[in-house]
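Peer 1: Next one to model:
(chains A and B)
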Amino acid sequence: MTPAATTFHMPHRAVLRHSTTESPFVRRLLIGVALVFLSLFLLVPLVSVFVQAFAKGIAFYFHTLGDPNAWSAIKLTLLAAAISVPLNCVFGVTAAWAIAKFDFRGKNVLLTLIDLPFSVSPVISGLIYVLVFGAQGWLGHYRDAEHAWFPWLQNWINEHNIKIIFAVPGIVLATIFVTFPFVARELIPLMQAQGRSEEEAARVLGASGWQTFWRVTLPNIKWGLLYGVILCNARAMGEFGAVSVVSGKIRGETNTIPLHIEALYDDYNFAGAFAVASLLAFLALVTLGLKTWVEHKNAAQNEPGGNV
Amino acid sequence: MKTFLKILLASSLAISASAKEIKLLNVSYDPTRELYTEYNAAFAKYWQGKTGDTVTVSQSHGGSGKQAQAVVNGLEADVVTLALAYDIDAIAKQAKLLPADWQKRLPNNSTPYTSTIVFLVRKGNPKGIKDWDDVVKKGVSVITPNPKTSGGARWTYLAAWAYALEANNHDEVKAKEFVARLYKNVPVLDSGARGSTVTFVQREIGDVLLAWENEAHLALKEFGADKFEIITPSLSILAEPPVAVVDKSARRHGTTEVAKAYLDYLYSDEGQDIAGKNFYRPRSEAVAARYAANFNQLKLVTIDGEFGGWKKAQQTHFADGGTFDHIYQP
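Peer 2: Numbers count the residues shown, from 1 in each chain, chains lettered A, B, ... in the order given. Prediction:
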């Protein structure tokens, strides 16, 4: 019921005040405080990133972005996102489907495992990979072992000098790890709320498992899925902690955009650091726009009777 | 057309047979970014002139101890150029990537350039800092990185210790008290030297930065001599940042020869000149004379003379449960 409808039925002004409980002064004060807070902590830093980025002029800005090391960082970040987002998309849908639509032993264990990357610090997730794949870790011992299992595998690894840590695979692995929960966490509540009656109806009408998934489940979750993918992508591109541990920070080779920003900042190249940072900020703004649009679509889909 | 293609093919084969493209990875510590950016270009030019091959040297920078740990864990450096010998010892000991006596392979303890620890203060020296005694005074805010991860910080700690020993008739207890007072004045310990410089210079925290001499000069050059001043204390430590080929990685990459040449060339006139230009003290006396104006004379103690070598110093002061752990409680 909207406030207008309330006043229509209650002609006394005293009752009108009751419907909004706070005086206009308090309301404006609260909104004002919120706005000041938001602009201080979000808007000002965002604007200052762009101001600092152009502090040495447009030519310098594009010179920084055109630098081979910057290019390599941009390419590596895009590569890590291009691998980790689809993988986590497939995993997220599978896990959410299993958890929301079926009952099985160990369901809670699976749920807890999915949340693991959220609960441990990214630095620790990076260290986990160093301990497993580092030269002093399992992989290192396997490479140097005298009587290893699967000698052909050991030979192959040594011949091609397969590197995981301090190379691109490590960065991709760390990115996959930290972005693991985004899609699954987004879909599980959505699928649980939708229940399984539609899938059951499809099965009764003779659809196979695949048909049920493609024609019933997926259309129902597509906006939620897209929302999860967007969040996953934003985190994949912005991740610093875990990637910083496994990167080795070789310029032009294993620096991602966030690591390249740190390197430029430490080189006293502040304008350059902010120029590259503005690229990430721009990406965040695009993500925000997409997210709002998807949220809007998602709300429309979940309204009773509305199935876009 | 066919003959043209054949010639093209033959000539491209000939080029690829004679001129190789070589990649080297130099894992270094924090303040050498500018030094090696300049040196890598000079070496690539020299090497191309000598052999026709193109060398691209990639750089990785960070706190010296952290970088050594990365190499131990598999960062495949062809050469390491770190802040102090102990960090390369750790690579030799833990990962056995190079022999234990690596430091004897190149002249001057394998350190082609040296440096020391000086003070950087804000213009006009508002707190009147002249020597180590002023740094430990109450109310002076001191910026220096964490000795656990940074090489420069370990040199700084030992320089302060050596000064306190000298001032107190070699009384170890008094020296410990002195250094404890110093670290009480430190509001934030960054993990590397460059982080500390940025804290002092850009974030404007602290009254005095205990810095590598080269780092202090670079800050003056980058941010203007009208903002900061370098104060040279009466006594400091001769900081020797050594260099070494990481034998096992270089062999694996087939870069042993060029990696050796890369380090040898640091001792050449051009290499020494680039070191001097970047405010490191060149070993070559002729080159050092050219840059004498940058380097104030002061009493310099050595790690071997005063502390019995890095192994002992590391054990006593910086290992887990060592003196630093006793005096520094955040």
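Peer 1: alpha carbons only for contacts and neighbour counts from here, please
Peer 2: Noted.
Peer 1: And the residue nearest the centre of the chain?
Peer 2: Using chain A here. For chain A, the residue whose C-alpha lies nearest the mean C-alpha position (CA atoms, centre = their mean) is residue A:232; its distance is 2.3 Å.
Peer 1: Chain B is the one I meant
Peer 2: Centre-nearest of chain B using CA atoms, centre = their mean is residue B:83, 3.6 Å out.
Peer 1: Contacts only, for the nearest residue to that residue once chain neighbours are set aside.
Peer 2: Nearest in space to residue B:83, with sequence neighbours left out and distances taken as CA to CA, 6 or more residues apart in numbering or on different chains, is residue B:241 at 4.3 Å. With contacts defined as CA atoms under 8 Å, 6 or more residues apart in numbering or on different chains, residue B:241 is in contact with B:81-85, B:111, B:113-115.
Peer 1: all strands of chain B, in order?
Peer 2: According to DSSP state E, chain B carries its strands in the segments B:21-28, B:54-61, B:79-81, B:113-114, B:117-122, B:142-143, B:208-212, B:228-231, B:235-237, B:243-245, B:281-282, B:299-301.
Peer 1: counting contacts, what elements does the first one pack onto?
Peer 2: Yep, that's strand B:21-28 we're talking about. Of the remaining helices and strands, those touching strand B:21-28 by 3 or more CA pairs under 8 Å, 6 or more residues apart in numbering or on different chains; DSSP states H and E are strand B:54-61, helix B:64-72, strand B:79-81.
Peer 1: which residues in the stretch 151-300 of chain B form helices?
Peer 2: Across the stretch 151-300 of chain B, reading from the start of the chain, the helices by DSSP state H, counting those that start in this stretch fall at B:151-167, B:172-184, B:193-201, B:213-223, B:247-253, B:256-264, B:269-277, B:285-290.
Peer 1: now those in a markdown table, with mean neighbour count?
Peer 2: Putting the helices of the stretch 151-300 of chain B into a markdown table (neighbours: other CA atoms under 10 Å in any protein chain shown) gives the following:
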| stretch | mean neighbour count |
| --- | --- |
| helix B:151-167 | 24 |
| helix B:172-184 | 19 |
| helix B:193-201 | 24 |
| helix B:213-223 | 19 |
| helix B:247-253 | 18 |
| helix B:256-264 | 19 |
| helix B:269-277 | 22 |
| helix B:285-290 | 15 |
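Peer 1: circling back: of the helices and strands packed on strand B:21-28, give the one that comes closest to residue B:103.
Peer 2: The closest of these to residue B:103 is strand B:79-81. By CA to CA, the value is 11.9 Å.
Peer 1: Each with direction, which strands does that closest one pair with?
Peer 2: Sheet neighbours of strand B:79-81, with direction, are listed as strand B:21-28 (parallel), strand B:243-245 (antiparallel) (DSSP bridges).
Peer 1: Please work out which of these is packed deepest.
Peer 2: Per-residue neighbour counts averaged over each of the strands paired with strand B:79-81 give the maximum for strand B:243-245, namely a mean of 26 (mean count of other CA atoms under 10 Å in any protein chain shown).
Peer 1: hmm, back to that, list only buried entries from the contacts of residue B:241.
Peer 2: By the neighbour-count criterion of 16 or more other CA atoms under 10 Å in any protein chain shown, the contacts of residue B:241 include these buried positions: B:81-85, B:111, B:113-115.
Peer 1: okay, now residue B:140: neighbour count?
Peer 2: The local packing of residue B:140 (other CA atoms under 10 Å in any protein chain shown) involves 18 other residues.
Peer 1: any residue of the strand or helix carrying residue A:73 up close to chain B?
Peer 2: When elements are assigned from DSSP states H and E, residue A:73 belongs to helix A:68-101. No - with CA under 8 Å from any CA of the partner chain as the criterion, chain B is not reached by helix A:68-101; the gap is at least 10.4 Å.
Peer 1: Buried ones in that helix, by neighbour count?
Peer 2: By neighbour count, and taking 16+ other CA under 10 Å as the criterion, the buried residues in helix A:68-101 are A:69-81, A:84-85, A:88-89, A:91-93, A:95-97, A:99-101.
Peer 1: what does stretch B:92-108 give?
Peer 2: The neighbour-count criterion (16+ other CA under 10 Å) identifies B:92, B:95, B:97-98, B:102-103, B:106 as the buried residues of stretch B:92-108.
Peer 1: List just the nearest of those residues to chain A.
Peer 2: Closest to chain A out of these is residue B:95 (7.5 Å), distances taken as CA to the nearest CA.
Peer 1: residues in contact with that closest one?
Peer 2: Listed by CA under 8 Å, 6+ apart, the contact partners of residue B:95 are A:135-136, B:72-73.
Peer 1: Neighbour-wise, give me the winner out of those.
Peer 2: Counting neighbours by other CA under 10 Å, residue A:135 comes out on top of these with 25 neighbours.
Peer 1: and that residue, helix, strand or coil?
Peer 2: Secondary structure assignment for residue A:135 (DSSP: H, G, I helix; E, B strand; the rest coil): coil.
Peer 1: Tell me if I'm right that residue B:160 and residue B:132 touch.
Peer 2: Yes - with contact defined as CA atoms under 8 Å, residue B:160 and residue B:132 form a contacting pair (6.8 Å).
Peer 1: picking that back up, for the strands of chain B, which one ends up most surrounded?
Peer 2: When those are scored by mean count of other CA under 10 Å, the highest mean neighbour count falls to strand B:281-282 (a mean of 28).
Peer 1: Centre of the chain to that one, how far?
Peer 2: For strand B:281-282, the distance from its own C-alpha centre to the chain's C-alpha centre is 12 Å (CA atoms, centre = their mean, to the nearest Å).
Peer 1: Run through the neighbouring helices and strands of it.
Peer 2: Using 3+ CA pairs under 8 Å, 6+ apart as the contact criterion, the secondary-structure elements in contact with strand B:281-282 are strand B:113-114, helix B:269-277.
Peer 1: Can you tell me the strand partners of that strand and which way each runs?
Peer 2: Paired with strand B:281-282 in the same sheet, following DSSP bridges, are strand B:113-114 (antiparallel).
Peer 1: so for the strand it pairs with, what's the average pLDDT?
Peer 2: Along strand B:113-114, the predicted confidence averages to a pLDDT of 97.
Peer 1: Kindly provide the distance from residue A:270 to residue B:272.
Peer 2: 29 Å (CA to CA, to the nearest Å).
Peer 1: quick one on the thing from earlier: tabulate the helices of the stretch 151-300 of chain B (a markdown table), appending mean pLDDT and distance to chain A.
Peer 2: Formatted as a markdown table, the helices of the stretch 151-300 of chain B follow (pLDDT from 0 to 100; distance: least, CA to the nearest CA, whole Å):
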| stretch | mean pLDDT | distance to chain A |
| --- | --- | --- |
| helix B:151-167 | 96 | 16 |
| helix B:172-184 | 95 | 24 |
| helix B:193-201 | 93 | 6 |
| helix B:213-223 | 93 | 8 |
| helix B:247-253 | 94 | 8 |
| helix B:256-264 | 97 | 17 |
| helix B:269-277 | 97 | 17 |
| helix B:285-290 | 95 | 26 |
